[in-house]
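Enquirer: following is a predicted model, sequence given first.
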Amino acid sequence: MKLEILKELNAERAARRPVIIVTDTANGDQRLVKAADIAADPLRAELSKQLRMGKSGNVEVGAKRLFLNVYAPTAKLVIIGAVHISQALAPLARSLDYDVTVVDPRTAFASPERFPDVPLVAEWPDVALPPLNVDHYTAFVAVTHDPKIDDPALLHAFDRECFYIGALGSRKTHAKRAERLRAQGAKDSDIARIHAPIGLDIGAVSPSEIAVAIMAEITAQLRLPPKEKEEAA
Amino acid sequence: MLNRDEDILQAAETWQKQGHGVALATVVETWGSAPRPAGSSLVINDDGTFLGSVSGGCVEGAVVTEALDVIASGQPKMLEFGVADETAWNVGLSCGGTIRVFVEKVG
């Protein structure tokens, strides 16, 4: 690997931007493809598939055998609300390799006794969220059920283009939430990005089951190609 | 997205800047129950210091030895370890998998 490629790879990784290194393993020829350049690349179909799966692998192109090594940022999960569902959701997400942070200004909820080993921020969203660097590789879940906490958090998530945004509440609750967010300047397209009621419809009842439904929906959002995603929704 | 295999690449860059010869070994293919997926990597410097893994620890010794050759020659190499290969079996992918590891010089 040429030093320039290694430097560029490390710089992109530090900025949490995905990169694929394409190597001809017969002779060591190599190039770096940034996520932003995939659409214009001759291997765009193969590159976007591997990136979506977050999986490295080989492709045959003509007589060449190329190894596509995918470097995608570690996914984050930000949970607004240190509630019972979150106590099940945080360890489940960690077992799926997400970096998890729980935010709740209510210190009785955001206590280490309730969340052993999970990074907790007992602050309001306006203080808690900016340092978390919420980005596209972040799944964002608002489950406090309290508009004073959930609403400002959701507005922050819209700005950061999270790949998944979900909010707890029935259709009725969500309709009211949509009105409030609109009044605070959210666009219809932003509001349409909220998964609510949250989680895949698997008839979940207990907090742990709801956590499974949420992580299943996040996984689908992360892994399915755009068309199948629409069908699943 | 869920790759936690990362900071060894930063180490490779640092070693290179310090004037070390450095090689990168990457799992490019696996069959059977290989311990580490394609894309897993190991970085090695000319002191024989290494970081990361390409197996659960079974073939790292052999990879490091080959990597020192690659640092000296500058020529990339493809290594294969697994049950089909007597020597590789001896170094121990006892889990029954087969892996191919691409070793290249950095710089």
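Expert: Now that the structure is in, tell me what you want to look at.
Enquirer: who are the packing partners of the strand or helix carrying A:Ala90?
Expert: A:Ala90 is part of helix A:84-95 when elements are defined by DSSP states H and E. If you count contacts as 3 or more Cβ pairs under 8 Å, 6 or more residues apart in numbering or on different chains; DSSP states H and E, helix A:84-95 packs onto strand A:76-80, strand A:99-103, helix A:207-223. For the C-beta atoms, the positions are set from N, CA and C on the backbone; glycine is no exception.
Enquirer: flag every buried residue along that helix.
Expert: By neighbour count on 16 or more other Cβ atoms under 10 Å in any protein chain shown, the buried set for helix A:84-95 is A:His84, A:Ile85, A:Ser86, A:Gln87, A:Ala88, A:Leu89, A:Ala90, A:Pro91, A:Leu92, A:Ala93.
Enquirer: repeat for stretch B:56-73
Expert: Across stretch B:56-73, burial judged by 16+ other Cβ under 10 Å covers B:Cys58, B:Val59, B:Glu60, B:Ala62, B:Val63, B:Val64, B:Glu66, B:Ala67, B:Leu68, B:Val70, B:Ile71.
Enquirer: coming back round to it: which one of the buried residues of helix A:84-95 sits closest to chain B?
Expert: A:Ala93 (10.9 Å; Cβ to the nearest Cβ).
Enquirer: could you find the closest non-adjacent residue to that closest one?
Expert: In this structure, A:Ala93 finds its nearest non-sequential neighbour in A:Leu77, 4.5 Å apart by Cβ to Cβ, 6 or more residues apart in numbering or on different chains.
Enquirer: quick check: bridge partners of that neighbour?
Expert: Beta-bridge partners for A:Leu77, by DSSP bridges, are A:Val100, A:Ala139.
Enquirer: contacting residues for it?
Expert: By Cβ atoms under 8 Å, 6 or more residues apart in numbering or on different chains, the contact list for A:Leu77 reads A:Leu89, A:Ala90, A:Ala93, A:Tyr98, A:Asp99, A:Val100, A:Thr101, A:Thr138, A:Ala139, A:Phe140, A:Val141, A:Ile218.
Enquirer: how close does it get to chain B?
Expert: A:Leu77 sits at a distance of 11 Å from chain B (criterion: Cβ to the nearest Cβ, to the nearest Å).
Enquirer: with A:Lys55 instead?
Expert: 7 Å.
Enquirer: isn't that residue up against B:Ala38?
Expert: Yes: counting by Cβ atoms under 8 Å, B:Ala38 is a contact partner of A:Lys55 at 7.4 Å.
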